[in-house]
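>>> Make a model of this:
(one chain, ligands or ions: 2)
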Amino acid sequence: MKSFFGVDYYPEHWPVEMMDKDINRMVDMGVEVVRIGEFAWHIMEKNEGEYDFSFFDMVIEKLKKRGIKVIFGTPTATPPAWLINKYPEILQRDENLMPRSFGGRRMYCYNNETYREYTKRIVTELANHYKNEDSIIAWQIDNEFGHEGSDLCFCDTCKRGFRNYLKEKYGTVDNLNKSWGTVFWSQTYNSFDEIPLPLKTITHHNPSMQLDYKRFMSKSINEYAKFQVDILRDILGEKAFITTNIAGGYFDKNFDHKQMAKEMDIASYDNYPVWGGLKEPITPANIAMDLDFIRGLKRKNFWIVEELMGAQGHTIIGYLPRPNQAKMWAYQAVAHGAQSILFFRYRTATFGTEEFCLGIIDQDNREGRKYREVKEFFKDVKGYRELLQSPIKSEIAFLYDYENIWAWKIQPQSTAFNFKEEMLKLYTAFYRHNTHIDVIDSKDDFSNYKVVVLPVMMIVDEELKHRLEEFTKKGGTVVLTYRTSIKDRNNNLYLGKAMPCNLNDLTGIEVEEIESLQEGQFAYADGKFGRTKCSVMREMINSKGAEVLYTYQDKFYREKGCITLNKFGQGEVYYIGTSADEEILTKIAEEIVIKNDIEHYNTPYGVEVYTRYLNDKKYMFVMNHTDEDKEVLGIKLMPYDSKIIEVK
Ligand code: GAL
Ligand code: ZN
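Ligands and ions are numbered 1, 2, ... in the order given. Model (predicted):
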């Protein structure tokens, strides 16, 4: 699939008379593709069974005349009022068993049979209607699965579904009781029909049960997505090219994104480095990690179907991207593997919940700074299409496992713990050296990398243990952090094993005791790269062969290791038993990058370079993420400047 550029267009939001002018302007801007349809169910089916696609037929005709292609969205993120009023049981229920009201979006239950039926009808009609429409180059199913809290449901259908899921998984209730440890607090079940959903209770539900509930929700969302994909593939056959737009906050969601991406022809992302209420954007490293995560889903380049241009927010508006800043984010996105980009949105709406989600054109309908930036960006990147499609090779991989992330969500163990922040801290340490990094599922093959980093991997099963050992034996470097391998897949601790339970040999250490540190609470450790603050958690480590790089500084734990390095086979294993300072982590990362001869660049703080290769040529994407003039590789950069440079 080639690379293309465009905008998210909502033609239904303006008088029809404006359409021709708008499309002309899009052509002038350099738009090649627009996304339409994804929230327009009522326009397509005003009353039950009255399908009418004439509005979009007209839009597509007009776009076609000007050579603009289409990504069509299925409208299931916003069921119409008539449907919800007829079948209120479609609505999700929250943890207090309150239905989510009609009025927002994404309020349907993924397991509701009636909703599946109506989904099937609208998607079938839509696909049949457009199956011969060549200007539709791709389909987007739904919109941002699981976003805005729509990834949990506690309705009766889900309760039945959960019990069936457990029956299938455990076979007998005795087996479930054993696996969950229900003898604790007299929670032993006599039958599957007694098992509750994790509704509000006093203190907390059983952690094994909660993890299974999250698995069940993940399965429900992914099955619903597959249900739509299958309908489209059935009707469109060979021509089907399907994606779905993944929202930010992917580590906070209760569905396995990798699983969903398997069903798609390409992974797509909605890239919003800043949103409602934020005083400033997320860090450049955070944006980069997001992009690397999306690329990791299919281990291929991807699309961005919503790229922020204006400030955004529903009731509270976010930070105003400075001149050229949003454009620079678009350069950063293509650098990290976005081979196509659509900006959100063509023009700001003058009504509805999103009238403060500002577009390229504002409500004044004038061509201003944002318009010029988009136009310039399109013009420039179109000269590099082949480069943008070239594969990205990384020698460093960050590994995650959704079940591990959920286990942390269930028991964060410190008020200061946040999975994404812990991941990001380490990611930032490597990002600082302008290395290529893949963010991938720990079940993916990682044997060809030089370095793998597994932040806070509580769940390390036998299989992962084995693969890590093989990887290290052959010369790989592994980086682990605190609370590694303390839990099994049932979310229970191991009996009779020192922590990190499955990785004592690999790490050459044993953790004797741990201390949870709350927000604002720190310990200190000294070692190789100078003093580090320890936050979130610290482990008192006894070496069983590993070199101790850091020891604690307080009275009772001076003898205990904090950071260690073990030789294992031809390889090395770093174990960081705390959430260390970014500065120290950056030095550890540098040591690893140098030892492993990994391509990297020193740049001034806030300046990112990302290399890409095409045929025998090397290109550098250079981004100044700061509001100051900078210089790098002999190139002068204005605030928020970005450039693509061919390196001779
Ligand atoms: C995205 C969403 C869009 C719109 C946008 C506003 O998350 O997919 O439909 O809501 O945010 O910034
Ligand atoms: Zn439900």
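>>> domain assignment for this structure?
Per automatic domain parsing, the structural domains of the chain span 5-150+223-388, 396-595, 607-647.
>>> and the last one, how far apart are its ends?
Taking Cα to Cα, to the nearest Å as the measure, domain 607-647 stretches 17 Å from start to finish.
>>> How far does that domain sit from its chain's centre?
Centre-to-centre, domain 607-647 and its host chain are 25 Å apart (Cα atoms, centre = their mean, to the nearest Å).
>>> about what we covered before: and the domains of the chain as JSON lines, adding mean neighbour count, mean pLDDT and distance to ligand 1?
Quick note: C-beta positions are derived from backbone N, CA and C, even for glycine. Converted to JSON lines, the domains of the chain look like this (neighbours: other Cβ atoms under 10 Å; pLDDT from 0 to 100; distance: least, Cβ to the nearest ligand atom, whole Å):
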{"stretch": "domain 5-150+223-388", "mean neighbour count": "19", "mean pLDDT": "98", "distance to ligand 1": "4"}
{"stretch": "domain 396-595", "mean neighbour count": "20", "mean pLDDT": "98", "distance to ligand 1": "17"}
{"stretch": "domain 607-647", "mean neighbour count": "17", "mean pLDDT": "96", "distance to ligand 1": "21"}
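>>> Using JSON lines, lay out those together with distance to I195.
Shown next, in JSON lines, are the domains of the chain (distance: least, Cβ to Cβ, whole Å):
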{"stretch": "domain 5-150+223-388", "distance to I195": "16"}
{"stretch": "domain 396-595", "distance to I195": "15"}
{"stretch": "domain 607-647", "distance to I195": "49"}
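>>> Out of these, flag the one nearest S186.
Nearest to S186, of all the domains of the chain, is domain 396-595, at 17.8 Å by Cβ to Cβ.
>>> and the closest one, how far out from the chain's middle?
22 Å.
>>> next one: stretch 299-313
The answer for stretch 299-313 is 12 Å, by Cα atoms, centre = their mean.
>>> gap between the two ends of it?
The first-to-last residue distance of stretch 299-313 comes to 31 Å (Cα to Cα).
>>> and what of stretch 248-262?
19 Å.
>>> mind checking the end-to-end distance for stretch 589-606?
Note: stretch 589-606 ends 17 Å apart using Cα to Cα.
>>> With stretch 494-507 instead?
Where stretch 494-507 begins and where it ends lie 17 Å apart, using Cα to Cα.
>>> Go ahead and name everything in contact with that stretch.
For stretch 494-507, contacts defined as Cβ atoms under 8 Å, 6 or more residues apart in numbering pick out 460-462, 464-465, 468-469, 472, 478, 480, 483-488, 509-511, 539, 544, 546, 564, 566, 568, 573, 575.
>>> contacting residues around the nearest residue to A589 once chain neighbours are set aside?
In space, and not counting its chain neighbours, A589 is closest to A429: 3.9 Å by Cβ to Cβ, 6 or more residues apart in numbering. Taking Cβ under 8 Å, 6+ apart, we find A429 in contact with E582, L585, T586, I588, A589.
>>> and if you look at E462?
N502.
>>> And D488, by the same measure?
I459, D461, Y494.
>>> Now with 7 Å, please.
By Cβ atoms under 7 Å, 6 or more residues apart in numbering, the contact set of D488 is Y494.
>>> Relative to A138, how far out is F39?
From F39 across to A138, the span is 17 Å (Cβ to Cβ, to the nearest Å).
>>> ranges for the strands of the stretch 151-300 of the chain?
Applying DSSP state E, counting those that start in this stretch to the stretch 151-300 of the chain gives strands spanning 242-243, 245-246, 268-271.
>>> typed the wrong thing, it's the stretch 301-450 of the chain
In the stretch 301-450 of the chain, the strands defined using DSSP E, counting those that start in this stretch lie at 302-308, 338-344, 396-400, 437-441.
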